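[1] sequence first, predicted coordinates after that:
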Amino acid sequence: MSLPRPLVVILGATGCGKSRLALELGRRFAGEIVSADSMQVYKGLDIITNKVTHEEQQLCTHHMISFLDPLVSYSVVDFRNKALSVIEDIVDRQKIPIIVGGTNYYIESLLWKVLVDTKEGGICSATDRRVGSRTSSPNRKEELEKLDCQELYKQLAEVDPEMAEKLHPHDKRKVARSLQVYEEVGVPHSKLLLQQCQEEGGGPLGGALRFPRPCILWLHTDLPVLDKRLDLRVENMLAAGLLEELNGFHTLYNQQKIAENSQDYQHGVFQSIGFKEFHEYLTSNNSCSETRKKLLTQGPGPNVPPVYGLDVTDVSQWDESVLQPAVQILESFLKGEEPAVQPLTMEYDQYEGKRNRRVCELCDKIILGDREWKAHLKSKNHQYHLKRKKKAETHFCTQSSPDTSENIPQDS
């Protein structure tokens, strides 16, 4: 009996070579590539979303690219349902699905049972099927997002205080999603997520793994090297016609919305990393650029499979440092063996609070998570406000100190 085809997942920062490795593995192992990028699902803006070229798509079959109208809102639940169907079809044809990230929460939706699906007929976990669903407007989440942040957060705090405590009041999309879940399912979002964690195979990160033994490869590089590559990528994008692409898109989709004062950067392809930064250029003909980064932030846990690191710092050593180790790891998975390469180990404090909530009165900010709080205390913004406070306190003490010079005896 042949072993099931493993799910391959390639993670890493923008500009580290994920697409290159996916193509090489896909051609070598008869694989098909599934994009897990939240912006590449939309038609157009091929340069700014860094889609693989038409020629590259001919070398290996690609899925989940350029199939949506740019103005359509597309949720992670929509992505998960379609992508899982695509993956199932690839496996049925005895091919290897290769997931390329992308967007972390899109990838997580494929690896773990972490989402609550409120739509009837969708792909649901056991928890979802138990609670069923109520009827609601198909655009309910967007309707909720039109509310004021304070009002929206207040509503969630009333029906699901535990979830409200875990979310930032200004994170309108997540707050609206949790409120939508409660309205449509009739059960607090926090309770559903807890039930998923408690199901067989679940853990602190969520529900059980969907695929029993995914092969996860993480491409990493030194940050100074990555910064240079990203700068070069922006230059190459500009040379390839980035500004012309943005101008054309602006004329087709964005110009009328701006005239009507209805432009929205929170839905559709307008969320694309870098597109907001080109708004000033599009409306005033001033040029600007933005280096784009996105690093892997997924933490460890009992339901997290091993992650194999590949160092892409020196591209001249690509075959020795990246391709050959990746091939050996995948060959081991296909044989049902443990790879000779050791997976990455990460320091992990089981008592660390990822959702602990703190308020920095100095910066007027709400910070979620112990690591985020430590990072905030070291941030330039916090240090700036801290210096201003100390300076103001010193000035106040100086002004408030009594002047006793008149009581000092004078020499005769």
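    Good, I have the coordinates. Only a predicted model underlies this, so the values are computations on that prediction, with no experimental measurement involved.
[2] looking at stretch 96-108 now, give me its mean pLDDT.
    Summarised as a single mean, pLDDT over stretch 96-108 is 88.
[3] ends of it, what's the gap?
    19 Å (Cα to Cα, to the nearest Å).
[4] Glu200 falls within a helix, correct?
    No: in this structure, Glu200 is coil, not part of a helix, as judged by DSSP: H, G, I helix; E, B strand; the rest coil.
[5] spatially nearest residue to it, not counting backbone neighbours?
    Closest residue to Glu200 apart from its sequence neighbours, by Cβ to Cβ, 6 or more residues apart in numbering: Ala208 at 6.5 Å. Using the backbone N, CA and C atoms, a C-beta is placed for each residue, glycine as well.
[6] the one you found against Gly201, yeah?
    Yes: using Cβ atoms under 8 Å, Ala208 is in contact with Gly201, at 2.8 Å.
[7] re the thing from before, any idea of the pLDDT on the residue nearest to Glu200?
    At Ala208, pLDDT is 83.
[8] give me the distance between it and Glu199.
    6 Å (Cβ to Cβ, to the nearest Å).
[9] tell me how far the nearest residue to Asp314 once chain neighbours are set aside lies from Asp227.
    Nearest residue to Asp314, sequence neighbours excluded (Cβ to Cβ, 6+ apart): Ser321, at 6.7 Å. Distance from Ser321 to Asp227, counting by Cβ to Cβ: 20 Å.
[10] equivalent analysis for Ile107, please.
    24 Å.
[11] list the buried residues in the longest helix anywhere in the chain.
    Assignment by DSSP state H gives helix 380-400 as the longest helix of the chain. For helix 380-400, burial by neighbour count (16 or more other Cβ atoms under 10 Å) applies to His382, His385.
[12] so how far is that helix off the chain centroid?
    Here the centre of helix 380-400 is set off from its chain's centre by 37 Å, with Cα atoms, centre = their mean, to the nearest Å.
[13] who touches that helix?
    With contact meaning Cβ atoms under 8 Å, 6 or more residues apart in numbering, helix 380-400 is reached by Cys360, Leu362, Cys363, His376.
[14] shouldn't Val41 be in contact with Pro70?
    No: with contacts counted by Cβ under 8 Å, Val41 stays clear of Pro70, the gap being 9.9 Å.
[15] these two: which is more packed in?
    Per other Cβ atoms under 10 Å, whichever of Val41 and Pro70 has more neighbours is Val41, with 24 against 18.
[16] where's Glu158, which helix or strand?
    Per DSSP states H and E: Glu158 is located in helix 149-159.
[17] distance between that helix and the chain's centre?
    For helix 149-159, the distance to the chain centre is 24 Å (Cα atoms, centre = their mean).
[18] what is it packed up against?
    If you count contacts as 3 or more Cβ pairs under 8 Å, 6 or more residues apart in numbering; DSSP states H and E, helix 149-159 packs onto helix 161-166, helix 172-185.
[19] any buried residues in the last one, and which?
    Residues of helix 172-185 classed as buried by neighbour count (16+ other Cβ under 10 Å): 172-173, 175-185.
[20] just to revisit the earlier point, what's the helix holding Glu158 in contact with?
    144-145, 147, 163-164, 167, 169-170, 172, 175-176, 178-179, 182, 188.
[21] okay, now the residue lying closest to Val116 once chain neighbours are set aside: neighbour count?
    Leaving aside its sequence neighbours, Val116 sits nearest to Leu192 (Cβ to Cβ, 6+ apart; 4.9 Å). Here the number of neighbours of Leu192 (other Cβ under 10 Å) works out to 23.
[22] state the distance from the residue nearest to the spatial centre of the chain to Asp231.
    Most central in the chain under Cα atoms, centre = their mean is Asn104, positioned 3.8 Å from the mean C-alpha point. Using Cβ to Cβ, Asn104 is found at 23 Å from Asp231.
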